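> Coordinates for the following, if possible.
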Amino acid sequence: RDELKPALIIAQRLARLVLKYANGIPTFGGSISANELRQAILKKNSVAGLSFLVEFCWNRGIAVIHVRPDRLPKESKKFQGIAMYIEETPVIVLGSASDSPPWLAFHLAHEMGHIMLEHVSQGGQPLVDSQIDDVDEDKSERAADTYAMEVLTGQPTPELSMDGNPSGLKVAKAAKIYGDSNAIDPGTVALIYARTTKRWPVAQNALKFLVRNRGAHKILHDSLFTYLETADLPESSARFLFSLLEHK
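This is a model prediction of the structure:
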């Protein structure tokens, strides 16, 4: 935790600044189960993808911010996700360098799990995940993983494999068919395949074929700036905010 402290301090300052100058964020709607969350998204959308998860969060009173990890202090250990409360508002800060929407969808759903399962609370300590993708024996981390998987796929512990050693293109085609049939983002299907088989490079190629390897940071950035009134920001605050949020 000491190694993460500089990055955490910056994330907390940024979250307070965002909430101070944001307009139209509703009061937090309270905790719901993973299945309830998934069904709420699928009522309006075909899959529980990143853009729809972000929209759900803001509409339910959860602020979502993405920080560029290369702008955090070099002496600080980096984080992939933070779940916390600023006063009465839950806030998720994502810090992954990955620009893949399915990757960030999992990270976001994991942090949503921490909030919905009440692993964080008003007045309590932030929960910082330095490496969401690693297996963690901590009970709350396993619970957040299960919550995320159920939101994204409808199953708490999905596993997928294919005969032989298929190419990235073949995995992409199969992921598209499976995803369309089960209301799952094909990119998420490819990542589940990789997690099951440990064939990560093949899954990364599949994401490229599916055009699910980029665009996540823009989705997160654009959603934030629909609420943030940057014209009201003091110059020093604007410099601090844009130095962390600017996307390529």
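> Now do the SS call for the residue nearest in space to the middle of the chain.
In the chain, the residue lying closest to the centroid (Cα atoms, centre = their mean) is L108, at 2.0 Å. What DSSP: H, G, I helix; E, B strand; the rest coil gives for L108 is helix.
> Okay, it and A216: tell me how far apart.
9 Å (Cβ to Cβ, to the nearest Å). For glycine as for every other residue, the C-beta is placed from the backbone atoms N, C-alpha and C.
> Which neighbours do those two have in common?
The contact sets of L108 and A216 overlap at L50 (Cβ atoms under 8 Å, 6 or more residues apart in numbering).
> Touching, E87 and Q122? I think so.
Yes - judged on Cβ atoms under 8 Å, E87 makes contact with Q122 at a distance of 7.3 Å.
> neighbour count winner among the two?
Q122 (12 against 9; other Cβ atoms under 10 Å).
> list the contacts for that one?
Counting by Cβ under 8 Å, 6+ apart, Q122 makes contact with 85, 87-88.
> and of those residues, the nearest to L117?
Comparing these against L117 with Cβ to Cβ picks out Y85 as the nearest, at 14.0 Å.
> bridging residues for that closest one?
Beta-bridge pairing of Y85 under DSSP bridges involves P90.
> One more: L228?
Beta-bridge partners of L228, as defined by DSSP bridges: A22.
> Neighbours of it, how many?
A count of neighbours around L228, defined by other Cβ under 10 Å, yields 21.
> Please apply the same query to T27.
T27 has 9 neighbouring residues, counting by other Cβ under 10 Å.
> Equivalent analysis for R239, please.
The burial count for R239: 11, using other Cβ under 10 Å.
> G123 reaches Y85, doesn't it?
Yes - if you go by Cβ under 8 Å, G123 and Y85 touch, sitting 7.3 Å apart.
> So which of the two has more stuff around it?
The neighbour count for G123 versus Y85, taken as other Cβ under 10 Å, is higher for Y85 (18 against 8).
> Which residues are in contact with that one?
91, 120-124 are the contacts of Y85 under Cβ under 8 Å, 6+ apart.
> Quickly find the element holding the closest residue to A11 other than its chain neighbours.
Sequence neighbours aside, V93 is the residue nearest to A11 in space, at 4.5 Å (criterion: Cβ to Cβ, 6 or more residues apart in numbering). Using DSSP states H and E, V93 sits in strand 89-94.
> what separates that strand from the chain centre, distance-wise?
When distances are taken as Cα atoms, centre = their mean, to the nearest Å, strand 89-94 is centred 10 Å away from the chain's centroid.
> Send me that strand as CSV with only the CA atoms.
Extracted in CSV, the C-alpha atoms of strand 89-94 (Å, rounded to 0.1, in the frame of the first residue of the first chain):
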residue,chain,number,x,y,z
THR,A,89,-20.5,9.4,-4.1
PRO,A,90,-18.9,6.1,-5.2
VAL,A,91,-16.0,6.7,-7.6
ILE,A,92,-14.1,4.3,-9.9
VAL,A,93,-10.7,5.3,-11.2
LEU,A,94,-9.1,3.1,-13.8
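> With adjacent residues omitted, what lies nearest to the residue nearest to the centre of the chain?
Leaving out its chain neighbours, L108 is closest to L53 (Cβ to Cβ, 6+ apart), at 5.3 Å.
> State whether that neighbour and F106 are indeed in contact, as I suppose.
No - applying Cβ under 8 Å as the test, L53 and F106 come out as separate, 9.8 Å apart.
> Low-confidence regions, the protein specifically.
By pLDDT under 70, the low-scoring segments of the chain are 1, 132-137, 246-248.
> just the helices in it please.
Secondary structure of the chain by DSSP state H: the helices cover 5-21, 34-42, 50-59, 101-116, 139-153, 168-182, 186-197, 200-209, 216-225, 235-245.
> Thanks a lot, catch you later.
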